[in-house]
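> Let me see the structure of the following:
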Amino acid sequence: MSSGNPIPMTSHPCGALTGVAEVPGDKSISHRSLILGAMAVGETVITGLLEGDDVLDTAKAMRAFGADVTRDDDGTWHVHGVGVGGFSEPDRVVDCGNSGTGVRLIMGAASTCPISVTYTGDASLNKRPMARVTDPLALFGVQAVGRSGGRLPMTIVGTDAPVPVRYEVPVPSAQVKSAVLLAGLNVQGQTVVIEKEATRDHTERMLEGFGAEITVEETNEARLITLTGQPELKPQTIAVPRDPSSAAFPVCAALITPGSDVLVPGIGLNPTRAGLYTTLREMGAELIYENMREEGGEPVADLRARYSPDMKGIRVPEERAASMIDEYPILSVVAANAAGETFMGGVKELRVKESDRIDAMASGLRAAGVTVEDGPDWWSVTGAGPGSVAGGNTAVTHLDHRIAMSFAILGMAAKMAVHLDDGNPIATSFPAFEGLMAALGARIERTSGSVAA
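A predicted model of the protein is given here:
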């Protein structure tokens, strides 16, 4: 668990990475499968669920609300749902661990039931802002009482007479959009969410799959999502595609490590999530999509990534930010090994993730000898080409899984090893990371005691 004792790690420069990287199931789809399964009537069967701490905490939460959630020995999950509006009041505090997605989606789903629920999380989650979700939920008639700054622990008092809401999302956020839509399920009438900028659409796709009446209208100005409340959701059989955010780590490692050739099969390539891969190809990465297909309403392909020594820095289009917001830390590692400046703008959301990801990556990259500049909603990394990163630094991971994995990848292509003060948070999203990377040829070791900076 990410709240346990620190696990210092050292990532050593390594030879070519080769083989097949079987990354875990998509985290976003895993959370939503459990939540919507719990709100359906009957049994939903899920294969390929990501079994990281974040998703397991969501499974525990669904049990606390009265759903029957079980796992077979072969990794197949079964969710016997209680129906829309059927959540019962948990008899204890709901602990969502490190997961911002989990807690915000669950808050939405439970808020329009006439129950009171207290939520908490680990040290990192309890620092993160929840007002972005509780503000729109208040429009339904929901009350929220938390710590200053709208932070956890927080009690949400649901309403037995929720009113339909029309809400324009102020900043691009799939979590906020999804929380409002999930709240709208138990409201008589139509809930409308207006997005000026499209964000990942797993919730809309999955609501439609479960039988909800939902329409999406694209106009020049916005994206209008209209949900008709109080449907009877029908249970589903779901094969979760593999997570494109997790795939980013072996893919990017292969691109910057000489001689590498790695195949990452079955990756979800939903256009609202695949911005990183578009960006890498624009930089000159040898990244090939093989066996393109559709699974569970989501586009899927096998990704082949080969060492790409000729990558150049680019200006990443700001409008692409929402489709790759979680991938900027690992993109910055690739940028450090490319030639020239990579400019990343419109990314202020990164400052309120599990950590201030711009500051965390900028500090660690600078300590490794990389030129980084940053502002409130932008940052740039100027690389000097393959093999130019000095390394030899200790990166502070700030209880953030993506920061930890990004610096582990940096060490593979640096001149000297890169140390992590704590690799423990990796388990929240990618518990198999160390073993998977080792099987490809990486040299990441757990180091006893603290490593001097």
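
> Show me what the mean pLDDT comes to for stretch 188-206.
Regarding stretch 188-206, the rounded mean pLDDT is 94.

> List the buried residues of that stretch.
The neighbour-count check on stretch 188-206 (16 or more other C-beta atoms under 10 Å) flags 190-195, 197-206 as buried. Any C-beta I mention is one placed from the backbone N, CA and C, and that applies to glycine too.

> repeat for stretch 268-286
268-270, 272-280, 283-286.

> In helices, which of the residues you listed fall?
G275, L276, Y277, T278, T279, L280, M283 (DSSP state H).

> Going by distance to G83, which of those residues wins?
G275 (36.2 Å; C-beta to C-beta).

> isn't that closest one right up against M324?
Yes - using C-beta atoms under 8 Å, G275 makes contact with M324 at a distance of 3.3 Å.

> got the phi/psi numbers for A362?
For A362, the backbone dihedrals are phi -60, psi -40 (criterion: degrees, to the nearest 10).

> residues touching the closest residue to it other than its chain neighbours, list them.
Once flanking residues are discounted, A362 sits nearest to V372: 4.4 Å by C-beta to C-beta, 6 or more residues apart in numbering. Contacts here follow C-beta atoms under 8 Å, 6 or more residues apart in numbering; on that basis V372 touches S332, M361, A362, L365, R366, W379, S380, V381, T382.

> got the buried residues for stretch 424-442?
Buried, per 16+ other C-beta under 10 Å, within stretch 424-442: 424-434, 436-437, 439-442.

> Could you work out the end-to-end span of it for me?
Its start and end residues considered, stretch 424-442 measures 18 Å (C-alpha to C-alpha, to the nearest Å).

> can you give me the mean pLDDT across that stretch?
On average, stretch 424-442 scores 94.

> What are the boundaries of the helices in this protein?
Under DSSP H, the chain gives helices at 27-39, 53-64, 100-111, 131-139, 174-184, 202-209, 244-256, 275-283, 328-336, 357-367, 401-413, 433-440.

> Relative to R71, which of those is closest?
helix 53-64 (8.2 Å).

> send the alpha carbons of the closest one over as PDB?
Taking Å, rounded to 0.1, in the frame of the first residue of the first chain, the C-alpha atoms of helix 53-64 are listed here in PDB:
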ATOM      1  CA  ASP A  53      -4.700  -0.800  -4.700                       C
ATOM      2  CA  ASP A  54      -6.800   2.000  -6.200                       C
ATOM      3  CA  VAL A  55      -9.300  -0.400  -7.900                       C
ATOM      4  CA  LEU A  56      -9.300  -2.800  -4.900                       C
ATOM      5  CA  ASP A  57     -10.300   0.100  -2.700                       C
ATOM      6  CA  THR A  58     -13.200   0.800  -5.100                       C
ATOM      7  CA  ALA A  59     -14.300  -2.900  -4.900                       C
ATOM      8  CA  LYS A  60     -14.300  -2.600  -1.100                       C
ATOM      9  CA  ALA A  61     -16.400   0.600  -1.300                       C
ATOM     10  CA  MET A  62     -19.000  -1.100  -3.500                       C
ATOM     11  CA  ARG A  63     -19.200  -3.900  -0.800                       C
ATOM     12  CA  ALA A  64     -19.700  -1.200   1.800                       C
END
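
> Which elements pack onto that helix?
helix 27-39, strand 68-71, strand 94-95, helix 100-111 (3 or more C-beta pairs under 8 Å, 6 or more residues apart in numbering; DSSP states H and E).

> Just name the most buried of the ones you listed.
helix 27-39 (a mean of 29; mean count of other C-beta atoms under 10 Å).

> helices or strands up against it?
Counting contacts by 3+ C-beta pairs under 8 Å, 6+ apart, helix 27-39 packs against strand 41-47, helix 53-64, strand 68-71, strand 77-82, helix 100-111, helix 174-184, helix 202-209, strand 237-239.

> got the ones you listed as CSV, with distance to A144 columns?
Converted to CSV, the helices and strands packed on helix 27-39 look like this (distance: least, C-beta to C-beta, whole Å):
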stretch, distance to A144
strand 41-47, 28
helix 53-64, 17
strand 68-71, 26
strand 77-82, 23
helix 100-111, 8
helix 174-184, 12
helix 202-209, 21
strand 237-239, 31
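
> Which one, of those, ends up nearest to G387?
helix 53-64 (35.1 Å).

> which sections of the stretch 101-250 of the chain are below the confidence cut-off?
Counting by pLDDT under 70, the stretch 101-250 of the chain has no low-confidence residues at all.

> S28 contacts T199, doesn't it?
No - S28 lies out of contact with T199 (C-beta under 8 Å); the separation is 10.7 Å.

> Can you check which residues contact both of the two?
A174.

> Low-confidence bits of the stretch 351-453 of the chain, can you list those?
Residues of the stretch 351-453 of the chain that meet the cut-off, pLDDT under 70, sit at 449-453.

> Reformat the helices of the chain as a markdown table; add distance to T447.
As requested, these are exported to a markdown table (distance: least, C-beta to C-beta, whole Å):
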| stretch | distance to T447 |
| --- | --- |
| helix 27-39 | 28 |
| helix 53-64 | 22 |
| helix 100-111 | 29 |
| helix 131-139 | 38 |
| helix 174-184 | 35 |
| helix 202-209 | 37 |
| helix 244-256 | 20 |
| helix 275-283 | 30 |
| helix 328-336 | 20 |
| helix 357-367 | 17 |
| helix 401-413 | 12 |
| helix 433-440 | 13 |
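
> ok so, going back, just the buried ones from the contacts of V372?
Buried by 16+ other C-beta under 10 Å: S332, M361, A362, L365, W379, S380, V381, T382, out of those.

> Verify the stated contact: C113 with F87.
Yes - using C-beta under 8 Å, C113 and F87 qualify as a contacting pair, with a distance of 4.6 Å.

> Between these two, tell me which one has more neighbours.
Between C113 and F87, F87 has the larger neighbour count (other C-beta atoms under 10 Å), namely 27 against 23.

> ok so, going back, most widely separated two among the buried ones among the contacts of V372?
Largest pairwise distance in these, by C-beta to C-beta, is 13.8 Å, between M361 and T382.

> Now do the contacts for the residue located most distally from the centre of the chain.
For the chain, the largest distance from the centre (C-alpha atoms, centre = their mean) belongs to A161, which lies 32.7 Å off. Contacts for A161 (C-beta under 8 Å, 6+ apart) come out as G141.

> Chain neighbours aside, what residue packs nearest to K348?
Here the residue nearest K348, using C-beta to C-beta, 6+ apart, is D377, at 3.7 Å.

> how close does that neighbour sit to S323?
Distance, D377 to S323, by C-beta to C-beta, to the nearest Å: 17 Å.

> quick one: which of these two has more around it?
Set side by side, D377 and S323 show more neighbours around S323, with 23 against 16, by other C-beta under 10 Å.

> The more buried one - nearest residue in space that isn't next to it in sequence?
In space, S323 is closest to G275, 3.4 Å off (C-beta to C-beta, 6+ apart).

> Report the beta-bridge partners for G19.
Using DSSP bridges, the beta-bridge partners of G19 come out as V262.

> Could you break this structure into its assigned domains?
9-24+241-446, 27-234 (automatic domain parsing).
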